[in-house]
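In: What follows is a protein structure lacking sequence information:
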């Protein structure tokens, strides 16, 4: 089963919260934990990793914390997943750090795995962390996706994702 890890899921939640909470540009890990319900040690670990990846800026001292390194509308779900989990690869043979496969030269399905991987990556790149906080309503396959016209106000307590 292909699944986004809990760490990446929480990372998307945290980045989406930071992208849409307009009360302050800088947030402490404790504040983000309280607002999202994600445990503080997990929030700290994720925020540090996202800062190392350049998605967040870390500010030290009084009034310090974390802020988005760029506008949340330009940070995609794929950016967060890649920062926390590494390159998006549905199969081991598509991973950049893969071990050599004994059937790679004669594998008849690899080209289609590449197509599927590209489609998943494109889908994750098409949604920003800001958009993740916009409620979606069921739509027909012919309707256009909803896009926020202005920054979204997020309630102080955003629920954490359930265990999947």
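Out: Alright, I've got the coordinates. None of these values were measured; they are calculated from a predicted model.
In: Now residue 95. Nearest residue, chain neighbours left out?
Out: Nearest non-adjacent residue to residue 95, counting by CB to CB, 6 or more residues apart in numbering: residue 89, 4.0 Å away. (C-beta placed from N, C-alpha, C; glycine too.)
In: what's the spacing between that neighbour and residue 6?
Out: Using CB to CB, to the nearest Å, residue 89 is found at 19 Å from residue 6.
In: Looking only at neighbour counts, state which of the two leads.
Out: Taking other CB atoms under 10 Å, residue 89 and residue 6 do not tie; residue 89 has more neighbours (17 against 13).
In: For that one, which three-state class applies?
Out: Classification of residue 89 by DSSP: H, G, I helix; E, B strand; the rest coil places it in coil.
In: Could you measure from it over to residue 40?
Out: Using CB to CB, one gets 31 Å for the distance from residue 89 to residue 40.
In: repeat for residue 116
Out: To residue 40, residue 116 is 37 Å away according to CB to CB.
In: where does the protein have low pLDDT?
Out: Low-confidence segments of the chain, defined by pLDDT under 70, span residues 1, 97-100, 137-164.
In: for it, what spans make up the strands?
Out: 56-59, 65-68 (DSSP state E).
In: For those strands, could you give me JSON lines that also reports distance to residue 123 and mean neighbour count?
Out: Below are the strands of the chain laid out as JSON lines (distance: least, CB to CB, whole Å; neighbours: other CB atoms under 10 Å):
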{"stretch": "strand 56-59", "distance to residue 123": "24", "mean neighbour count": "18"}
{"stretch": "strand 65-68", "distance to residue 123": "22", "mean neighbour count": "20"}
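In: burial of residue 2, as a residue count?
Out: Other residues close to residue 2 by other CB under 10 Å number 7.
In: which residue packs closest to it, ignoring adjacent ones?
Out: In space, and not counting its chain neighbours, residue 2 is closest to residue 90: 6.1 Å by CB to CB, 6+ apart.
In: How many neighbouring residues does the residue nearest to residue 83 when sequence neighbours are not counted have?
Out: Nearest residue to residue 83, sequence neighbours excluded (CB to CB, 6+ apart): residue 53, at 3.5 Å. A count of nearby residues for residue 53, using other CB under 10 Å, gives 15.
In: Equivalent analysis for residue 94, please.
Out: Residue 94 has 16 neighbours, counted by other CB under 10 Å.
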